[in-house]
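Engineer: I need the structure of the sequence given here:
(chains A and B)
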Amino acid sequence: MLRFSQLLGQIVSFILFGLMLGYFSNSPSYTYHDSEMALIMVSFSHASERKEECRKFTQEELNTLAPNMRRPMDCPRERVPLYVDVMLDGENLLSKSYNPTGLAKDGSASIYERISVKPGEHQLIVKLRDSGREEGYDYESDTVINIEPKEIFVIDFRKDLGGFYFQ
Amino acid sequence: MEVLKKLLRICFEHLEDSFDALFGAKWNPFYQLGALGWFYYWIVVVSGLYLYIFFDTGVSQAYKSLEYLTHEQWYAGGIMRSLHRYASDALVVMMMVHLLREFAMDRFRSSRWFAWFTGIPMLWLVFTAGISGYWMVWDQLAQYIAITTAEFLDAVPIFGEAIARNFLTDAKLSGRFFTLMVFMHIAIPLILLFVMWIHIQRHATPKVNPPKELAIATLSMLLILSFIKPALSQAPADLSIVPTTVNLDWFYMPIYPIMNNVSGLTVWIALIGATLLLMMVPWMPPGKRAEVAVVHLDNCNGCSRCAADCPFSAIDMEPRSDGSAYKMEAVVDASHCVSCGICVGSCPTATPFRTKSELSPGIELPEDKIKILRNKTISASRNLTGTDRVIVYGCDNSLNPVEVSDTSVGVVTMPCIGMLPPSFIDFVLSKKLADGVFLTGCREGDCSYRLGIKWTDARLAGQRDPRIRKRVNQDRIGKYWAGMTRRKEFFKELTTFRLRLNKLDSAQLEDQNKINKSSEKVDA
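Structural biologist: Residues are numbered from 1 along each chain as shown, chains lettered A, B, ... in the order given. Have a look, this model is predicted:
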C-alpha cells in the first residue's frame, strides 16, 4: 500500500516535471533581432565574368591535342570573384568579395548578408563588380528608402532585369 | 573522464535513492528511462497522426489549419497538439538523462558498445524530427527556425544557391515546401523507430514499456499540462518582417542562439566533433575486457537455462556438435557476452556439492571459475566463530562488502550476484560453513547487468530454475540490494539478520533441550 507521503511525493515529482516541460517548451523568450531596428538583406546569386577571355587555339596548339579533344576555342572556366559595396547615408555597410562556387570556381557566387540598420529614410547605394576590372563597378544603384522598425528590405540582383532590384 | 563518471554516478544514485523512497524500485522513473522514451515516442506518433488528418500544407493554410485545431477544436485537436509537443519534449529529457546515466553507470563497454553506438545517431534524428515539426506551424518561431536553419545549412559549401534565399519574401515560398516538411516530419520518426529497434537488439527481454501505473501517471500529467497550458502558435510568419523575440522550445533549440552568434561552419565542426566523440566513448580508454563465458560440453546437457537467463542474448542453443545423446548445446556469442556470469548461476551443473569429479560446470567464466568461488566460500568461512556466522555474497558493481569481514562474517564477491547458483547457499548451510547467507548487489530494479537481481530473487523464491532446495531454511537467508550508496542501511540489515540468526539458534537450542529432556523422561 502506498503511504500518503509517498503518494504526495509522487504527485509533487510529476508536477515538477510538468512545470519543467511547460516552462521550457516556450520560455524564456529569446531576442533574435532588436525590435527598434530594421533589417537590410543583401541576397542574390550571380555568375561573374570569366577570368580569361575565350581565344582561338593556334594550329600548333591544336596539333598537340588529342584528335577527340580538338575544338576551335579555348575558354577557361574560372570566374572572377564578385565584389559588392553597400553604402547607407554615406556609411559603408558592406564591402566584400565573394568567390564563385564549384571546384573549378566556375559557378555563380552566392551572397547572403543581414545588416541591421536604424529605421527611417536613408540614401542607399549598392555597387557590384563582376568583371576583371581593377577599379570601378559594373552595376550601381542609388535610391532613397524608407524602412520601418522590424521591416526587411531585400537587395536582390538579376542581370536579365537590368541589375539591382529591391523588395 | 573516470572522475566525471564517478561524480555523476554518485549524483544519480543519491537522486535515485530519493525516488526509490517515493516510487519504489518498480516504478522509479530512473530505472525506466528507455521504456519511458518509447512510451513518449508512441504518444507523439498517435497525436501526430491525428494532427496530420487536419494539417493543410499550403503556405497560408498551414498556420490556419493549426489555429483551427488549437482554438475551434481545442477539446481534441488542441489537446492532441499539446500532447504532441509535451511528449516530444519529455522524449528529449528521457533521452538525454538516459544517455548521461548509462555513461555514469559505465554501461557502454564490452558488448554494450552496440546500444551506446546506435543510440547516438538517435540524437540527430530526434532533434531533426522535432525541429521540422516546429517549422510546419509557419508562425514567427517557424520563420526564425527556417532562416537560422537555412543559414546553418548554407555554411556547408555544397549548395549552389543559398537555401536561405527561399525565405526572402513570401512570393518565393511555395506550398510544396510544406509538403517536403511533412514528408520529412513523417520519414525521420520512421527512421528513428527503426534505429530504436536496432538499439535494443542485443538485449534479451528489453524494457520497451514502462509499468502500467507509471505510464498512466505520466500520460495523466501530460494531459493535465495540455489542458492547463495548451501549445499555441506565435504570430503568423511574415517574410517582410523580421522575427524579433521568439519563444524557443529550449528542449529542441538550445543551439539556435549559438547558431546566430557563431559561424555556421564552427557549429558544424562542434556538432560533428561532439557526435564522433560520443560515438567513440566505449573505446576511450578501451579498458580491460574480461574473458567471455565458455561452454564445457562434457557437462552441458543442453537444458537452455543459460540461454533463457542471459540478459544480452549472448547464448544460442544449437544442435549438438560432440555426438552426445543430448540434442542441443549452448553456444556463446563472444561479441554479445559481457562476462556477467548470470549464465553460470543458471547452470544446474554449477553445484559446489560435486566432489567425485572436478567442479567444472556446463558454462562458466574463465576468470571467475565456479571452483574458485567454492574455494573462496570455504576460505571465507574457515575462521568464523560464534552463533551468527554469515557468508556475505556481493557483486563487483555495488558497494564493497569486504569491510564487514570480521570473526563472524566472511565475504565473497563476483561480477554479478546473478552468478551465484542457489546450490551455494544450500552448500554453506548444510555443510555448516556458516549459520546464514546474506546476499547483496546493485539496487533492486537497477541491476548493472539488467537481470541479475531479478533472476536471483526468482531462484530463491522457487519461481525460476535452478530453484533453491526446499530443505534450505529460508530464515537463514538474508538479502539487501544496496547499490553503491546504501552502506548504512546495508550494515543495519546485516546486523538485524545476524540477530535473527542468534534467535534462531537460541530457539533451536531450546527445542533441542526439550527433546533431550523428553528423552530422559522416557528413559527414566
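Engineer: list the contacts for residue B:10?
Structural biologist: B:484, B:485 (CB atoms under 8 Å, 6 or more residues apart in numbering or on different chains). Backbone N, C-alpha and C define where each C-beta goes, glycine included.
Engineer: same deal with residue B:13?
Structural biologist: B:443, B:483, B:484, B:485.
Engineer: test my guess that residue A:42 contacts residue A:113.
Structural biologist: Yes: with contacts counted by CB atoms under 8 Å, residue A:42 reaches residue A:113, the gap being 4.4 Å.
Engineer: residue B:171 and chain A, how far apart?
Structural biologist: 8 Å (CB to the nearest CB, to the nearest Å).
Engineer: pLDDT below threshold where in chain A?
Structural biologist: A:1-2 (pLDDT under 70).
Engineer: now the common contact residues for residue A:42 and residue A:113.
Structural biologist: With CB under 8 Å, 6+ apart as the test, residue A:42 and residue A:113 both reach residue A:94.
Engineer: who has more neighbours out of those two?
Structural biologist: residue A:42 (21 against 15; other CB atoms under 10 Å in any protein chain shown).
Engineer: in which helix or strand would I find that one?
Structural biologist: strand A:38-46 (DSSP states H and E).
Engineer: give me the domain ranges for chain A.
Structural biologist: A:1-30, A:38-50+A:80-166 (automatic domain parsing).
Engineer: the longest one spans what distance, first to last residue?
Structural biologist: To tie it back to what came earlier, the one meant is domain A:38-50+A:80-166. 15 Å (CA to CA, to the nearest Å).
Engineer: and that domain, how far out from the chain middle?
Structural biologist: Chain-centre distance of domain A:38-50+A:80-166: 9 Å, with CA atoms, centre = their mean, to the nearest Å.
Engineer: sorry, back to before: narrow the contacts of residue B:13 to those that are buried.
Structural biologist: B:443, B:483, B:484, B:485 (16 or more other CB atoms under 10 Å in any protein chain shown).
Engineer: restrict those to those near chain A?
Structural biologist: Near chain A, judged by CB under 8 Å from any CB of the partner chain, there are no entries from the buried ones among the contacts of residue B:13.
Engineer: tell me the one of these nearest chain A?
Structural biologist: When these are compared for distance to chain A (CB to the nearest CB), residue B:443 wins out at 17.2 Å.
Engineer: in the chain, which spans are strands?
Structural biologist: Since no chain was named, I'll use chain A. In chain A, the strands defined using DSSP state E lie at A:30-31, A:38-46, A:55-56, A:73-74, A:82-88, A:91-98, A:109-117, A:120-129, A:139-147, A:152-158, A:163-166.
Engineer: other chain: chain B
Structural biologist: Using DSSP E, the strands of chain B run over residues B:245-246, B:294-295, B:315-319, B:328-332, B:363-364, B:390-395, B:409-414, B:436-440, B:477-480.
Engineer: turn those into CSV, including distance to residue B:355 and mean pLDDT.
Structural biologist: Output for the strands of chain B, formatted as CSV (distance: least, CB to CB, whole Å; pLDDT from 0 to 100):
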stretch, distance to residue B:355, mean pLDDT
strand B:245-246, 77, 95
strand B:294-295, 23, 96
strand B:315-319, 28, 96
strand B:328-332, 25, 96
strand B:363-364, 18, 95
strand B:390-395, 19, 95
strand B:409-414, 20, 94
strand B:436-440, 20, 96
strand B:477-480, 24, 96
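Engineer: save those strands as CSV, and put in distance to chain A and mean neighbour count too.
Structural biologist: Shown next, in CSV, are the strands of chain B (distance: least, CB to the nearest CB, whole Å; neighbours: other CB atoms under 10 Å in any protein chain shown):
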stretch, distance to chain A, mean neighbour count
strand B:245-246, 5, 20
strand B:294-295, 45, 16
strand B:315-319, 39, 15
strand B:328-332, 42, 19
strand B:363-364, 42, 26
strand B:390-395, 28, 26
strand B:409-414, 33, 23
strand B:436-440, 24, 25
strand B:477-480, 20, 20
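Engineer: could you report the neighbour count for the nearest residue to residue A:81 once chain neighbours are set aside?
Structural biologist: Nearest residue to residue A:81, sequence neighbours excluded (CB to CB, 6 or more residues apart in numbering or on different chains): residue A:97, at 4.6 Å. Residue A:97: 11 surrounding residues under other CB under 10 Å.
Engineer: got the contact list for residue A:97?
Structural biologist: A:81, A:82, A:83, A:84.
Engineer: who in chain A is up against chain B?
Structural biologist: A:6, A:9-10, A:13-15, A:17-18, A:20-22, A:24-27, A:29-35, A:38-39, A:41, A:43-45, A:101, A:107-108, A:110-112, A:150-152, A:154, A:156, A:167.
Engineer: next up, the contacts around the closest residue to residue B:174 other than its chain neighbours.
Structural biologist: Spatial nearest neighbour of residue B:174, excluding adjacent residues (CB to CB, 6+ apart): residue B:59 at 7.3 Å. Contact partners of residue B:59, counting by CB under 8 Å, 6+ apart, are B:138, B:170, B:173, B:174, B:175, B:177, B:178.
Engineer: do you know how far residue B:59 is from chain A?
Structural biologist: Where chain A is concerned, residue B:59 sits at a distance of 17 Å (CB to the nearest CB).
Engineer: dihedrals phi and psi, that residue?
Structural biologist: phi -60, psi -50 (degrees, to the nearest 10).
Engineer: give the contact list for whichever residue of the stretch 1-150 of chain B sits closest to chain A.
Structural biologist: The stretch 1-150 of chain B approaches chain A most closely through residue B:22 (3.8 Å), counting by CB to the nearest CB. Counting by CB under 8 Å, 6+ apart, residue B:22 touches A:6, A:9, A:10, A:13.
Engineer: now with 10 Å?
Structural biologist: Residue B:22 makes contact with A:2-3, A:5-13, B:28-29, according to CB atoms under 10 Å, 6 or more residues apart in numbering or on different chains.
Engineer: repeat that for residue B:340.
Structural biologist: B:110, B:290, B:293, B:310-312, B:314, B:365, B:368, B:395-397, B:414-419, B:447-452.
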